[in-house]
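[1] mind folding the following:
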Amino acid sequence: MTTEDTLYPATNLFDGKYATIGHSVQRNHPNGFNISIEFPSAYRISLIRVINRQNCCQERIIGFSVYIVNKIGSEVNCGSFTEAKSEYEFRREGVGDKVEIRKEVDVKMVNLGEVEIYGVLAAQCDNLDPNWNKVTPEPALPAPHGIKITLSCPADYTNKGGDKATCQDGTVVPTNQLPDCRAKCTIVNSNLDVIVADSELPAEDETEISYSCPRNQAKKGNDVKAGEVQGSFKNLY
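    Sure thing, here's the model as predicted:
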């Protein structure tokens, strides 16, 4: 709890005893109140059961909501307390390393008997998408849920896509764009009878290259452009 009563500490919410309670201090909380339960690792949570105080004051929880919070910056709203009763169940699935029971506005006092959270450890990321040709992750896989990953290409390739991702419950998910490793051009295609200066190579994909023709041959066209993933050249006319 953000501010707890020392006689009824937040640890009472996890002692397996419905008769004991966790209680806020006897004063107003104009900026709201947050009961936060943190885990050492991320879990895929399927059920949150909340036991209200059994002997009185059950209406104090009305207006609070339950969230599964993920350290990568997202959260799942599992639902709200809309009436006073002895027990509540929230069955909204989500992955996170924290559960919060909070109300954003004025709170006078709040008390609960127990919070029970059910789920399984979130899956780690073991592999990249097989369609991400030539992409290397840093740190190396496997990686735990929530870890931020940098995506890179080999030295003779250029990444024309995104280079940031996050491990999300077993899947490496790009932050913005998919990675796209494209080979640099290192030699001129054998079917192109042109001369390219050594200083022009290697050339990144989509780069326009100046070229010359062999002696006694006229130049037709303007330049050569580095090609697709294969690292080949194609003429521009």
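[2] switch to C-alpha atoms for all contacts and neighbour counts from now on
    Will do.
[3] so the protein: which segments form each domain?
    In terms of domains, the chain is parsed into 10-121, 136-182, 184-237 (source: automatic domain parsing).
[4] out of the ones you listed, the one nearest residue 127 is which?
    Proximity to residue 127, assessed across the domains of the chain by Cα to Cα, is greatest for domain 136-182 (6.5 Å).
[5] let me see the mean pLDDT of that closest one.
    Confidence over domain 136-182 (mean pLDDT, whole number) is 94.
[6] heads up, I number from 25, so please use that
    Okay, using 25 as the starting number, the last item reads as domain 160-206.
[7] can you check which strand is longest in the chain?
    Ranked by residue count and defined by DSSP state E, the top strand of the chain is strand 57-76.
[8] what's that one packed up against?
    In terms of contacts (3 or more Cα pairs under 8 Å, 6 or more residues apart in numbering; DSSP states H and E), strand 57-76 is packed against strand 111-114, strand 118-127, strand 135-145.
[9] parallel or antiparallel, list what pairs with the first one.
    With DSSP bridges as the test, strand 111-114 is paired with strand 57-76 (antiparallel).
[10] for the record, mean pLDDT for the partner strand?
    For strand 57-76, mean pLDDT rounds to 95.
[11] off-centre distance for the helix or strand that it is followed by?
    The element immediately downstream of strand 57-76 (helix or strand, assigned by DSSP states H and E) is strand 89-93. Put simply, strand 89-93 sits 17 Å off its chain's centre (Cα atoms, centre = their mean, to the nearest Å).
[12] give the rounded mean pLDDT of strand 89-93.
    On average, the pLDDT along strand 89-93 is 97.
[13] what's the angle from it to strand 57-76?
    Strand 89-93 runs at 110 degrees relative to strand 57-76, counting by axes from the mean of the first three to the mean of the last three Cα atoms, to 10 degrees.
[14] go ahead and name everything in contact with the helix or strand following strand 89-93.
    Sequence order places strand 99-104 as the next helix or strand after strand 89-93, per DSSP H and E. Strand 99-104 is contacted by residues 86-93, 114-118, 120 when judged by Cα atoms under 8 Å, 6 or more residues apart in numbering.
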